[in-house]
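K.L.:
how does the following fold in three dimensions:
(one chain, ligands or ions: 1)
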Amino acid sequence: MNAFEKIQTRYGEISDLGNASALLSWDQQVYMPPRGAAARGMQLATLSGIIHERMTAPELGDLISEARSEKLSGDREAFLRELSFSRDRSMKLPATLVKEMSLEESKAFEAWARARKLNDFSIFAPHLSRVIELKKQAAECWGYQETPWDALATDYERGLTAAKVEKIFKPLREATVKLLQQIQTRPQVNTKFLDQKWDIDRPREFGLRVARDIGYDMGAGRQDLAPHPFCTNFGHGDVRITTRYSQTSLLDGLFGTVHEAGHAMYEQGFDPADARTPLAEAPSLGVHESQSRFWEVRISQSEAFWKHYYPILRQYFPGQLDDATLEEFYRAINIIEPDFIRVEADEICYNLHVIIRFELEVRIFRGELSVSDIPAAWNDLYKKYLGLDVPNDSKGCLQDVHWAYGSFGYFPTYTLGNIYCAMLVEKMEKDMPQMWDLVAQGQFAPVLQWLRANIHKVGRRHEAADLIERVTGQPVSCDALIRHLTNKYRHLYEF
Ligand code: ZN
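P.N.:
Numbering: from 1, shown residues only. Predicted coordinates for the structure are as follows:
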């Protein structure tokens, strides 16, 4: 065995351990009885300790240096590049800091939950300050050019910096705020017919049917119920999703299922030859999100999609949708309505929620905003961008758990996902002018094939921005997303 083959064997085992740990945490969220939590926590900690040990083992470092002196193919070079990146990143953090961060984050999580319940930011504030302090220390270990935020964002979207995001987001923010103001001068959309009680099982059956139709392979996946919808991968041939449904909402469960199926179809589409290597992964969270948002927003909230599915949906709910025409239904599911909560926000407001968090994070890490001033700054931006008066911090800066977990630099990936997605759709429309006719006939295979060839099979061979530019021929910008939002909502709201 040469050095590279030895690395392959070692990494294969690290990947197996990671998948075993993913299975344990999937079970924790789906089936585990409540009293199993403590033992499960220990099992997960033990596994993550072993993974860390193996990733940072000096012998692996020696093998990487040795392999670099061998003549390597492009794929092998990409394998080593990705492995070294992850390895360097975990090696640069002292074990004491990792431990301290994980302890602080669980304390901060509890404080956040209590603060949100009691609507009292002051309970969370000291913990948040501590988490930020530790994150700044981590950023110092990793190194950065302009702001510690840049070093943190690298975990989710390599190469991303606050300055780059500011440049990409600014035109989007301006265009979106203007669009929203225009929409608000237009007559309100009728959604009354959606306010009904729905059979609890039928939406799930319909959602699963759609997931299968669009190409989620149930021979290599399954769907279970869980409090939070997510997608998880246990290695080639086993990518699962979870979902939740309610009797009061016909479509949230469907859109959630399609979103997670989009993530899952991406991972089902990795090249089998890349299994157990760092190449069978997405290059970034933004690219991952571009795949889920593609199916959720661009496909399952499109007019073409409902041309095919609305008659079918009506059959699932006999008599309940008789009064609403296809056009009324399409308008109702695409209603624009500013609200305080990011989750389940409409297509236009969603990005504004993300941009607000990004702007606050950057000010925090540039030392321009202190923790105690976060609620006021938050409320200020909600007024400015969404025209809303935030009634309390539970509906304001305490609504998301991410900061308690120290996930700074994470939010922009949601909007980057929408931006990448819009760019990919424009290219897809050029390559397949009949694309929307196919969708209207319920034919999704050619669309999935396009994604497989251009995005899924490529895995982690290129960095996100590079991949998007290779596929679309354009550097990353929000232009395509602005074009899409403007066209769609001008048509829907008639202005
Ligand atoms: Zn997602």
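
K.L.:
could you use CA atoms for every contact and neighbour count after this?
P.N.:
Noted.

K.L.:
where do the helices sit along the stretch 151-300 of the chain?
P.N.:
162-183, 201-214, 252-268, 285-293 (DSSP state H, counting those that start in this stretch).

K.L.:
nearest approach to residue 131 belongs to which of the ones you listed?
P.N.:
With Cα to Cα as the criterion, residue 131 lies closest to helix 162-183 of the helices of the stretch 151-300 of the chain, at 19.5 Å.

K.L.:
what does the closest one rub up against?
P.N.:
For helix 162-183, the external contacting residues (Cα atoms under 8 Å, 6 or more residues apart in numbering) are 147, 149-150, 336, 348-349, 351-352, 355, 362, 385-386, 412, 476-479, 482, 486, 489, 493.

K.L.:
same thing with stretch 327-337?
P.N.:
Contacts with stretch 327-337, where a contact means Cα under 8 Å, 6+ apart, come from 180, 183, 189-191, 301-303, 306, 346-349, 492.

K.L.:
what's the domain layout of the chain?
P.N.:
Using automatic domain parsing, the domain parsing of the chain gives 3-143, 162-493.

K.L.:
which residues does residue 290 contact?
P.N.:
If you count contacts by Cα under 8 Å, 6+ apart, then residue 290 has 416-421 around it.

K.L.:
and these, which of them are in helices?
P.N.:
Applying DSSP state H to these, the entries found in helices are 416-421.

K.L.:
redo those residues as CSV? Include distance to residue 142, neighbour count and pLDDT.
P.N.:
Formatted as CSV, these follow (distance: Cα to Cα, whole Å; neighbours: other Cα atoms under 10 Å; pLDDT from 0 to 100):
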residue, distance to residue 142, neighbour count, pLDDT
416, 23, 27, 98
417, 25, 22, 98
418, 28, 27, 98
419, 28, 27, 98
420, 27, 29, 98
421, 30, 27, 98
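
K.L.:
for the helix or strand where residue 44 lies, packing partners?
P.N.:
Here residue 44 sits within helix 37-56, counting by DSSP states H and E. Packing partners of helix 37-56 (3 or more Cα pairs under 8 Å, 6 or more residues apart in numbering; DSSP states H and E): helix 3-30, helix 74-92.

K.L.:
how about those, which one is nearest residue 58?
P.N.:
Using Cα to Cα, the nearest of the helices and strands packed on helix 37-56 to residue 58 is helix 74-92, at 10.4 Å.

K.L.:
export the helices and strands packed on helix 37-56 to JSON lines and tack on distance to residue 466?
P.N.:
As requested, the helices and strands packed on helix 37-56 are arranged in JSON lines below (distance: least, Cα to Cα, whole Å):
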{"stretch": "helix 3-30", "distance to residue 466": "25"}
{"stretch": "helix 74-92", "distance to residue 466": "14"}
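
K.L.:
got those as TSV, with distance to residue 407 and mean pLDDT columns?
P.N.:
TSV is the format used below for those (distance: least, Cα to Cα, whole Å; pLDDT from 0 to 100):
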stretch	distance to residue 407	mean pLDDT
helix 3-30	19	96
helix 74-92	16	95
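
K.L.:
who wins for proximity to residue 320 among these?
P.N.:
Between the helices and strands packed on helix 37-56, helix 3-30 lies closest to residue 320; by Cα to Cα that is 31.8 Å.

K.L.:
what angle separates the closest one from helix 74-92?
P.N.:
60 degrees (axes from the mean of the first three to the mean of the last three Cα atoms, to 10 degrees).

K.L.:
burial count for residue 390?
P.N.:
20 (other Cα atoms under 10 Å).

K.L.:
just checking, what packs against the lengthiest strand in the chain?
P.N.:
Taking DSSP state E as the criterion, the chain has its longest strand at strand 239-243. Contacts defined by 3+ Cα pairs under 8 Å, 6+ apart place strand 239-243 against strand 223-225, strand 231-233, helix 252-268.

K.L.:
winner for burial among the ones you listed?
P.N.:
Of the helices and strands packed on strand 239-243, the one with the most neighbours on average (mean count of other Cα atoms under 10 Å) is helix 252-268, at a mean of 26.

K.L.:
what is the rounded mean pLDDT of that one?
P.N.:
Here helix 252-268 scores 97 as its mean pLDDT.

K.L.:
what separates that helix from the chain centre, distance-wise?
P.N.:
Per Cα atoms, centre = their mean, to the nearest Å, the displacement of helix 252-268 from the mean C-alpha position of its chain is 11 Å.

K.L.:
alpha carbons of it, as PDB, please.
P.N.:
Once non-C-alpha atoms are left out, helix 252-268 reads as follows in PDB (Å, rounded to 0.1, in the frame of the first residue of the first chain):
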ATOM      1  CA  ASP A 252     -46.100  23.600   5.900                       C
ATOM      2  CA  GLY A 253     -45.500  19.800   6.200                       C
ATOM      3  CA  LEU A 254     -45.400  19.400   2.400                       C
ATOM      4  CA  PHE A 255     -42.900  22.200   1.900                       C
ATOM      5  CA  GLY A 256     -40.800  20.900   4.800                       C
ATOM      6  CA  THR A 257     -40.800  17.400   3.300                       C
ATOM      7  CA  VAL A 258     -39.800  18.700  -0.100                       C
ATOM      8  CA  HIS A 259     -37.100  20.800   1.400                       C
ATOM      9  CA  GLU A 260     -35.500  17.900   3.300                       C
ATOM     10  CA  ALA A 261     -36.000  15.600   0.300                       C
ATOM     11  CA  GLY A 262     -34.000  18.200  -1.700                       C
ATOM     12  CA  HIS A 263     -31.100  17.900   0.800                       C
ATOM     13  CA  ALA A 264     -31.400  14.100   0.700                       C
ATOM     14  CA  MET A 265     -31.500  13.800  -3.100                       C
ATOM     15  CA  TYR A 266     -28.300  15.800  -3.200                       C
ATOM     16  CA  GLU A 267     -26.600  13.300  -1.000                       C
ATOM     17  CA  GLN A 268     -28.100  10.300  -2.700                       C
END
